[in-house]
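[1] coordinates for the following, if possible.
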Amino acid sequence: MHCIIRYWVFEIINYSFINSIVLNKTVILHKTNLRKKIMGEQKQKEASKSVFIFGKKNYKFMFIGLACIALGFILMSGGGSDDPNVFNPEIFSWRRIRLAPMLVLVGFGIQVYAILLNPDKKS
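    Numbers count the residues shown, from 1 in each chain. Here you go, the predicted model:
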């Protein structure tokens, strides 16, 4: 009987010792994982900060190109007649046939340049 009790006490002590080791390892692992998780969240916050694809210089050229395109379409408009039986030769003016389409094409060229421009280049 004494041997059985001693065996049980040994098992209880051994079990509690193993549990404390396992619990300590779990706590250590939990702290390590928590630390890694916090560091990962900080890196994720740094990485998720609003990073624009284009720089300030790119956007300036994009707005200039957009303004050229809009001005070209504005110059192209008009020249029609209120009466459908009357022909208005103003529709074939130099402004509507040559200037406005060239302005639109130049605007699209500026847009392509703005997209391909490297904003990090210093010179």
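
[2] count the neighbours of the closest residue to Met76 other than its chain neighbours for me.
    Counting by C-beta to C-beta, 6 or more residues apart in numbering, Met76 lies nearest to Ala100, which is 3.9 Å off, once chain neighbours are set aside. Where you see a C-beta, it was placed from the backbone N, CA and C, and this is true even at glycine. By other C-beta atoms under 10 Å, the residues close to Ala100 number 19.

[3] wait, doesn't Ala100 sit right on Ile69?
    No. Under the criterion of C-beta atoms under 8 Å, Ala100 is not in contact with Ile69, lying 10.3 Å apart.

[4] follow-up on the earlier one: for the residue nearest to Met76, which residues are in contact?
    72-73, 75-76 (C-beta atoms under 8 Å, 6 or more residues apart in numbering).

[5] which one (most neighbours) among the residues you listed?
    Neighbours here are counted as other C-beta under 10 Å. On that basis the top member of those is Gly72, with 19 neighbours.

[6] for it, what is the enclosing helix or strand?
    Under the criterion of DSSP states H and E, Gly72 resides in helix 56-76.

[7] closest to Arg95 out of the contacts of Ala100?
    Checking these against Arg95 by C-beta to C-beta gives Leu75 as the nearest, at 5.7 Å.

[8] could you find the closest non-adjacent residue to the closest one?
    In space, and not counting its chain neighbours, Leu75 is closest to Ala100: 3.9 Å by C-beta to C-beta, 6+ apart.

[9] phi, psi for the one you found please.
    Backbone dihedrals for Ala100, given as degrees, to the nearest 10, come out at phi -60, psi -50.

[10] and it, how close does it get to Pro84?
    If you measure Ala100 against Pro84 using C-beta to C-beta, to the nearest Å, the figure is 23 Å.

[11] now do the buried residues in stretch 91-107.
    96, 100, 103-104, 107 (16 or more other C-beta atoms under 10 Å).

[12] next one: stretch 74-94
    Buried-residue list, stretch 74-94, by 16+ other C-beta under 10 Å: 75-76.

[13] rounded mean pLDDT for it, please.
    Confidence for stretch 74-94, expressed as mean pLDDT, is 85.
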